[in-house]
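*Asks:* whatever this is, show me its structure:
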Amino acid sequence: MAGSGSYLKKHTEALVKAVGIEAACQITGKSKATLGRYYADTEEHADRFMPVDTVAQLEAATNYPHVTSALAELNGISVSYDKERRNSSSDGVNSDVVALAQRFAMLMSEYHQSIEDGIITVNEAKRLLRETTALQQVLIEMKLHLEEETS
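*Replies:* The predicted model follows:
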């Protein structure tokens with residue numbers, strides 16, 4: 001649990017900082033010290049984690065589910081967070097295939113640019129991750145359309 005505990009604490013800290021410490025205190029009714037203990041890396045607080053209801057309150061106030069996504073990653077689960085909504089809905093599997101091809105081309109283009117110098121920087125990795133997530137979303141939509149057609 002040492003490695004995963006540290007990972008969760010980092011994401012808990014990111015969540016609190018995304019909301020803002022003062023706002024997090026108001027939302028949760030907890031003090032700065034209490035919130036700080038949830039992400040403190042000291043041995044004294046190593047086994048102290050933020051309660052699930054507190055995580056839910058803070059994640060509702062921010063634009064990204066930091067702790068939820070960290071928990072999913074630790075368990076090998078993929079969570080798709082889509083804060084953007086498309087302008088138009090898909091017309092079915094045929095348009096999904098076109099969108100899939102376009103997204104894959106974008107991913108390969110980003111990869112080609114990123115690997116050009118032989119090193120993938122943090123910013124390049126973030127762009128690759130965004131494209132991978134967008135590709136995953138297209139696959140999920142395609143799966144849903146295929147399930148609709150078979151039922």
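
*Asks:* and the residue positioned nearest the centre of the chain, what element?
*Replies:* With distances taken as CA atoms, centre = their mean, Ser69 lies nearest the centre of the chain, 4.9 Å away. Element membership of Ser69 [criterion: DSSP states H and E] is helix 66-74.

*Asks:* which elements pack onto the longest helix along the chain?
*Replies:* The residue-count maximum for a helix in the chain (DSSP state H) belongs to helix 122-150. Helices and strands in packing contact with helix 122-150 are listed as helix 93-115; criterion 3 or more CB pairs under 8 Å, 6 or more residues apart in numbering; DSSP states H and E. To be clear about C-beta, it is placed using only N, CA and C from the backbone, and glycine gets the same treatment.

*Asks:* packing partners for the helix it packs on?
*Replies:* Packing partners of helix 93-115 (3+ CB pairs under 8 Å, 6+ apart): helix 122-150.

*Asks:* quick one: the helix holding Ser69 to chain centroid distance?
*Replies:* Between the centre of helix 66-74 and the centre of its chain there are 7 Å (CA atoms, centre = their mean, to the nearest Å).

*Asks:* leaving out sequence neighbours, find the closest residue to the residue nearest to the centre of the chain.
*Replies:* Excluding its sequence neighbours, the residue lying closest to Ser69 (CB to CB, 6 or more residues apart in numbering) is Val79, at 5.3 Å.

*Asks:* that neighbour and His66 touch, don't they?
*Replies:* No: if you go by CB atoms under 8 Å, Val79 and His66 don't touch, sitting 11.2 Å apart.

*Asks:* so between these two, which is more surrounded?
*Replies:* His66 (22 against 12; other CB atoms under 10 Å).

*Asks:* you'd agree Tyr7 is up against Leu71?
*Replies:* No: judged on CB under 8 Å, Tyr7 makes no contact with Leu71 at a distance of 9.6 Å.
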